[in-house]
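S.K.: Sequence plus the predicted model coming up.
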Amino acid sequence: MPKIIVQTEIPGSDTALRTLSERLVADNLDSLHYTAQLIERITWAVADAEALESRTETAEVDARPRAAAATISDRPRERRPMSAAISA
């Protein structure tokens, strides 16, 4: 049976964390209600995966000695709305 899997990989590790694993039935895809809820679940899973990756990257930077973590290029970038990025 077809399956959608959203997972995040931990950098420097063979570990992958799943945030969504869902079996699909083709007949269900004809329902607008089902597809809308499926897209919503995928959106949540992607956001959760990004948050996990972000926390892992931040933890790696924090684990380094202060001198190594002090460079701007090593720090995780702050997410800003597109309008804030344009005006900056």
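M.R.: Sure, I can see it.
S.K.: List the residues that contact residue 22.
M.R.: 3-5, 38, 41 (CB atoms under 8 Å, 6 or more residues apart in numbering). To be clear about C-beta, it is placed using only N, CA and C from the backbone, and glycine gets the same treatment.
S.K.: where does it land in three-state SS?
M.R.: strand (DSSP: H, G, I helix; E, B strand; the rest coil).
S.K.: Check residue 8 too.
M.R.: Three-state call for residue 8 (three-state DSSP): strand.
S.K.: and the gap between it and residue 39?
M.R.: 19 Å (CB to CB, to the nearest Å).
S.K.: So between the two, which is more surrounded?
M.R.: The neighbour comparison of residue 8 against residue 39 (other CB atoms under 10 Å) goes to residue 8, with 20 against 10.
S.K.: Tell me how many other residues crowd the spatially closest residue to that one that is not a sequence neighbour.
M.R.: Excluding the flanking residues, the one nearest residue 8 by CB to CB, 6 or more residues apart in numbering is residue 49, at 3.9 Å. Residue 49: 19 surrounding residues under other CB under 10 Å.
S.K.: Spit out the contact partners of residue 49.
M.R.: For residue 49, the contacting residues are 6-8, 17, 19, by CB under 8 Å, 6+ apart.
S.K.: can you pull out the strands in this protein?
M.R.: Remark: strands assigned in the chain by DSSP state E are 3-9, 16-23.
S.K.: what's the average pLDDT for the longest one?
M.R.: In this case it means strand 16-23. Mean pLDDT, strand 16-23: 90.
S.K.: Repeat that for the first one.
M.R.: Mean pLDDT, computed over strand 3-9, is 92.
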